[in-house]
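Asks: How does the following fold in three dimensions:
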Amino acid sequence: MTRDSQEAQVEVSVVIPIRNERDNLPELYAHLRRALAQLQRPYEVVFVDDGSSDGSLAFCQELAAGDPRVVVVALRRPFGKATALQAGFAVASGQVIVTMDGDLQDDAGEISRLLKALEEGYDLVTGWRHRRQDRLGKRLASRLFNLTTAFFTGLHLHDFNSGLKAYRREVARGLDLYGELHRYVPVLAHAKGFRVGEVPVRHHPRRHGTSKYRLERFLRGALDLLAVLFLSHYQRRPLHLFGLVGGAFLLAGLGIDGYLTVLWWLGKGPIGTRPLLVLGSLLITVGVQLFFFGLLAELITATSYRRGDVTELIRHVYRQQTALPPSLVDAPRER
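Replies: Numbers count the residues shown, from 1 in each chain. Take a look at the predicted model:
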């Protein structure tokens, strides 16, 4: 069966990044089977193992051996949730791709609501955990994150980082995720012109395992917000940013040096020893450098912009009992 014919048969792909969720997987799989069977659509479940060490990968391989609708992607080492999602998107065959976490906090029964919202015209629908079942500190940090992201990006959602989302395939395939950018998927999709929506969903407390959330991840996410703002506004036109900042520095420096020049012509004394002269010259130098840096960034963007090949990070893809190397992920293959 070729890749194209397989994609034509699968309507819904559920991509689940996992890392050390062995105790949650049996119940998660059972919930998924019940929820997806009610959709009455051809589906597949793609588990992406992000370097688990507790037997999660082996359990998922057993599922794939007994269920042809289960696909298992094994990354070479832990790369993080963003890369795991990107790998799952590359392998998923469905016309619609649903993502959810593997910790049983996302409710598989809510998938139908997300799909219904897609049918109303949205390209990406994110679940709003309006009654989030997490500890207070995590809820407060999440609320601050959502308010800050909405303020700076202009996309007003209640829950940007919900693991439960539904994408049209062209949206998922058009994203470049790395670092902590999975937190900003709605922002990145919105910047590409896709219509983004949100629906309230049920959320459950974690019963097994430990949360992957740490304070440093929140701090890294704040830094990634700057990257997202740049990517969403200036990725294809970096000169607009660097030229604007550089131009402001250049004008300020010229203004300062011009002021000192007037003082010199009026005989107000020597200006060579004034700190203001050093500041003006420094601003002019930095402004010129930023302008030319913007030109170089524009040249690089125009000549070498391309998506990274995430399949290089995949060790194996398991379908039934067949393990394929990354180079054969998109090659014709037999069921």
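Asks: how far away is Tyr29 from Gly66?
Replies: Distance of Tyr29 to Gly66, computed by CB to CB, to the nearest Å: 11 Å. C-beta: built from backbone N, CA, C; applies to glycine.
Asks: which parts of the longest helix along the chain are buried?
Replies: Ranked by residue count, the top helix of the chain under DSSP state H comes out as helix 275-304. By neighbour count with 16 or more other CB atoms under 10 Å, helix 275-304 contains the buried residues 277, 280, 283-284, 286-287, 290-291, 293-294, 297-298.
Asks: Give me the domain ranges for this structure.
Replies: Following automatic domain parsing, one gets these domains for the chain: 3-235+308-328, 238-304.
Asks: Tell me which of the ones you listed is the most buried.
Replies: Counting by mean count of other CB atoms under 10 Å, domain 3-235+308-328 has the highest mean neighbour count of the domains of the chain, with a mean of 18.
Asks: Give me the distance from it to the chain's centre.
Replies: 9 Å (CA atoms, centre = their mean, to the nearest Å).
Asks: For the residue nearest the centre of the chain, give its distance to Val14.
Replies: What sits nearest the mean C-alpha location of the chain, by CA atoms, centre = their mean, is His182, with 2.6 Å. Between His182 and Val14 the computed distance is 16 Å (CB to CB).
Asks: And Leu239, by the same measure?
Replies: Distance of Leu239 to Val14, given as CB to CB: 41 Å.
Asks: I'd like the average pLDDT over stretch 318-327.
Replies: The average pLDDT for stretch 318-327 rounds to 54.
Asks: cool, stretch 59-68 as well?
Replies: For stretch 59-68, the per-residue pLDDT averages 94.
Asks: Contacts for it next, please.
Replies: With contact meaning CB atoms under 8 Å, 6 or more residues apart in numbering, stretch 59-68 is reached by 18, 22, 25-26, 29, 47, 49, 70-72, 318-321, 335.
Asks: could the buried residues of helix 275-304 go into CSV alongside distance to Gln61?
Replies: Putting the buried residues of helix 275-304 into CSV (distance: CB to CB, whole Å) gives the following:
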residue, distance to Gln61
Leu277, 70
Gly280, 66
Leu283, 61
Ile284, 63
Val286, 56
Gly287, 58
Leu290, 52
Phe291, 55
Phe293, 49
Gly294, 49
Ala297, 44
Glu298, 47
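Asks: rank the domains of the chain by pLDDT, which is bottom?
Replies: Lowest mean pLDDT within the domains of the chain: domain 238-304, a mean of 82.
Asks: State the distance from the residue in the chain sticking out farthest from the centre to Leu114.
Replies: Relative to the centre of the chain, the most outlying C-alpha is that of Gly267, 60.6 Å out, by CA atoms, centre = their mean. Remark: distance between Gly267 and Leu114 (CB to CB) = 75 Å.
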